[in-house]
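Asks: what follows is a protein structure lacking sequence information:
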């Protein structure tokens, strides 16, 4: 069996003191197509404690539908400042609200950036409806977590590439690593210093983490789980049992995220 | 804890996976990396090719490897490709094959009593489990609707549904679990946070089997999830190996 000390520690204790996981892709609350046993902040914190997850960055499911729900994430962060940070969801279906939302966002504590979920909202990442938000994110050097999926008309890796050079001060996190279009996603993360691969769901694909690390090292990969969707141990197990070094595992599970969040922690 | 994988595949695939094991020996090396003791396996050609070719390839490939247990792909008997029911059973006795797998989309047949009655009856009589991925389809039906169709045709069948997907399937499978006592699920993609412990709290641990979905899926996910999920040690061991061992032990060849 693989004898990495980190694997041994997680298998025996479920967590590691030396590897406090940071989850960069989290939601919160019930949602349409799934039963969640643990949807609320206190449930999620129990899961985080069980799995050795120190901090998560979250956008609520409710805000994916109605962006006026974003403000509630500020309350969650305020109540659990050591465990939660938040993204502000931009919904391009309501373009008339976006300028006001950016003003609101600018006055709120606890947010580290924006969240786009274009496959669900049915507007491409390159739509003019995202422009105001992207310009603001560029001016303020924010993180933008984007749902990305291979061959999607709304958020494929090729669309990410079109934004990456134009908004070079934004740090783009490719949620799900452009699932399925691995080669293209890896190329973009390699070519653009402001693009990172985020592993939610992607980690399950056998060999994909080895491939990413082999092609571009482990400094541009961050961990995520969609919690309350997926048990963090599932994703952590996939990272641990990839053919990479313990240094790579630390980079993916917390060190890269610590660097990205250093101004917000 | 002993891990007995109910859902692993090796061989050369038509569509190359990112990482895979081309031979039984290479599969064992993969299993060693993950700490998996035994596996109920199939050969890639049993799905990607005709079962006539694939079943023989499986037998030849795993011969002499005690940690690997084979399973046969089925076809409707009416074409005669797999021989008679008696000859299939005799082959299973000789080679100690204790499970079937169905790939109806690839092999183009209907999962109905009209097509499969003799095989369904044999499986029920001999307690032979049938493994099928929820991603399979046939005759215009797929997913959990196909699973319910199989079970409504053969309610006493021991059916193991593999790779049920991570995007929220409990609303699909829980009504079936409550209705069909011999329906089992592999946990290769049961990623739902709190899912396994919630399921065990309601239905017990008897209905879940450790599976990896290798080579398509990363075995590290279900391994750490099961090792650390909030259930008893006894329940954990049942899922890791005990339930599959019990199912295979019950088979009367």
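Replies: On my side now, so go ahead. If you're wondering where the values come from, they're calculated on a predicted model, not measured in any experiment.
Asks: up against chain A, what does the stretch 51-200 of chain B have?
Replies: B:166-168, B:170-171, B:189, B:191-198 (CB under 8 Å from any CB of the partner chain). Heads up, the C-betas are built off the backbone N, CA and C, glycines and all.
Asks: check whether the longest strand seen in chain A comes near chain B.
Replies: Criterion DSSP state E: the longest strand present in chain A is strand A:171-179. No - Strand A:171-179 is not in contact with chain B by CB under 8 Å from any CB; minimum separation 11.6 Å.
Asks: who in the stretch 1-150 of chain A is up against chain B?
Replies: Counting by CB under 8 Å from any CB, the residues of the stretch 1-150 of chain A that sit close to chain B are A:1-2, A:10-11, A:14, A:33-38, A:43, A:47, A:50-51.
Asks: quick one: name whatever helix or strand follows the longest strand of chain A.
Replies: Reading on from strand A:171-179 to the C-terminus, the next helix or strand found by DSSP states H and E is helix A:182-191.
Asks: next, the angle strand A:171-179 makes with that following helix.
Replies: Angle, helix A:182-191 to strand A:171-179, by axes from the mean of the first three to the mean of the last three CA atoms, to 10 degrees: 160 degrees.
Asks: how about residues contacting helix A:182-191?
Replies: Residues from elsewhere that reach helix A:182-191, judged by CB atoms under 8 Å, 6 or more residues apart in numbering or on different chains: A:148, A:150, A:157-158, A:160-161, A:164, A:174, A:177-178, A:195-197, A:205, A:208, A:211-212, A:215-216, A:220-221, B:18.
Asks: about what we covered before: mind checking which of the residues of the stretch 1-150 of chain A next to chain B are buried?
Replies: For these, a neighbour count by 16 or more other CB atoms under 10 Å in any protein chain shown gives the buried set as A:10, A:11, A:14, A:34, A:35, A:36, A:37, A:38, A:43, A:47, A:50, A:51.
Asks: wait, the second one touches residue B:227, no?
Replies: Put plainly, it is residue A:11. Yes - using CB atoms under 8 Å, residue A:11 is in contact with residue B:227, at 5.3 Å.
Asks: next one: phi and psi at residue 143?
Replies: Assuming you mean chain A. Main-chain torsions, residue A:143, degrees, to the nearest 10: phi -80, psi 140.
Asks: okay, now residue A:147: neighbour count?
Replies: Residue A:147 has 25 neighbours, counted by other CB atoms under 10 Å in any protein chain shown.
Asks: oh sorry, the question was meant for residue A:128
Replies: Around residue A:128 there are 9 residues (other CB under 10 Å).
Asks: and it, what is it in contact with?
Replies: So residue A:128 contacts nothing (CB under 8 Å, 6+ apart).
Asks: relative to residue A:35, how far out is it?
Replies: According to CB to CB, to the nearest Å, residue A:128 and residue A:35 sit 38 Å apart.
Asks: all helices for the chain, in order.
Replies: The chain I'm using is chain A. A:5-13, A:41-51, A:61-65, A:71-79, A:95-107, A:118-121, A:131-139, A:157-166, A:182-191, A:208-216, A:232-240, A:246-250, A:256-260 (DSSP state H).
Asks: sorry, should have said chain B
Replies: B:24-34, B:44-48, B:51-62, B:85-95, B:104-107, B:113-126, B:143-153, B:170-179, B:195-203, B:220-228, B:233-237, B:243-249.
Asks: quick one: list the elements packing against the second one.
Replies: Packing contacts for helix B:44-48, counted by 3 or more CB pairs under 8 Å, 6 or more residues apart in numbering or on different chains; DSSP states H and E, involve strand B:4-10, helix B:51-62, strand B:72-73.
Asks: same list, these, but as JSON lines with mean neighbour count please.
Replies: Shown next, in JSON lines, are the helices and strands packed on helix B:44-48 (neighbours: other CB atoms under 10 Å in any protein chain shown):
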{"stretch": "strand B:4-10", "mean neighbour count": "26"}
{"stretch": "helix B:51-62", "mean neighbour count": "19"}
{"stretch": "strand B:72-73", "mean neighbour count": "24"}
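Asks: may I see the ones you listed arranged in TSV, with mean pLDDT as well?
Replies: Output for these, formatted as TSV (pLDDT from 0 to 100):
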stretch	mean pLDDT
strand B:4-10	98
helix B:51-62	98
strand B:72-73	98
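Asks: including distance to residue B:132, could the ones you listed go into JSON lines?
Replies: Below are the helices and strands packed on helix B:44-48 laid out as JSON lines (distance: least, CB to CB, whole Å):
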{"stretch": "strand B:4-10", "distance to residue B:132": "11"}
{"stretch": "helix B:51-62", "distance to residue B:132": "14"}
{"stretch": "strand B:72-73", "distance to residue B:132": "11"}
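Asks: so which of these is nearest residue A:137?
Replies: Across the helices and strands packed on helix B:44-48, residue A:137 has its closest neighbour in strand B:4-10 (43.2 Å, CB to CB).
Asks: show me what that closest one packs onto, helices and strands only.
Replies: Strand B:4-10 is packed against helix B:24-34, strand B:38-43, helix B:44-48, strand B:159-162, helix B:243-249, with contacts defined by 3+ CB pairs under 8 Å, 6+ apart.
Asks: just say which of the ones you listed is most tucked in.
Replies: strand B:38-43 (a mean of 26; mean count of other CB atoms under 10 Å in any protein chain shown).
Asks: so what touches that one?
Replies: Residues from elsewhere that reach strand B:38-43, judged by CB under 8 Å, 6+ apart: B:2, B:4-11, B:24, B:27, B:31, B:54, B:57-58, B:61-62, B:67-71, B:73, B:99, B:101, B:131, B:241, B:244, B:248.
Asks: relative to helix B:24-34, how tilted is it?
Replies: Going by the same axes, to 10 degrees, strand B:38-43 makes 140 degrees with helix B:24-34.
Asks: how far away from the center of its chain is strand B:38-43?
Replies: Centre-to-centre, strand B:38-43 and its host chain are 9 Å apart (CA atoms, centre = their mean, to the nearest Å).
Asks: that strand: partners in the sheet, and parallel or antiparallel?
Replies: Strand B:38-43 has the following strand partners under DSSP bridges: strand B:4-10 (parallel), strand B:68-70 (parallel).
Asks: now it and helix B:51-62, what's the angle there?
Replies: With the same axes, to 10 degrees applied, the angle from strand B:38-43 to helix B:51-62 works out at 140 degrees.
Asks: rewinding a little: pairing partners for the longest strand of chain A, with directions?
Replies: In the sheet, strand A:171-179 lines up with strand A:143-149 (parallel), strand A:195-198 (parallel) (DSSP bridges).
Asks: touching the last one from outside, list them.
Replies: For strand A:195-198, contacts defined as CB under 8 Å, 6+ apart pick out A:24-25, A:145, A:160, A:164, A:171-177, A:185-186, A:188-189, A:212, A:220-224, A:256, A:260.
Asks: give me the number of neighbouring residues for the residue nearest to residue B:220 when sequence neighbours are not counted.
Replies: For residue B:220, ignoring the flanking residues on the chain, the nearest one in space by CB to CB, 6 or more residues apart in numbering or on different chains is residue A:241 at 2.7 Å. Using other CB under 10 Å, residue A:241 has 24 other residues around it.
Asks: the one 10 residues further on too?
Replies: In terms of burial, residue A:251 registers 23 neighbours under the definition other CB under 10 Å.
Asks: same deal with the one 3 residues further on?
Replies: Taking other CB under 10 Å as the criterion, the count of residues near residue A:254 is 23.
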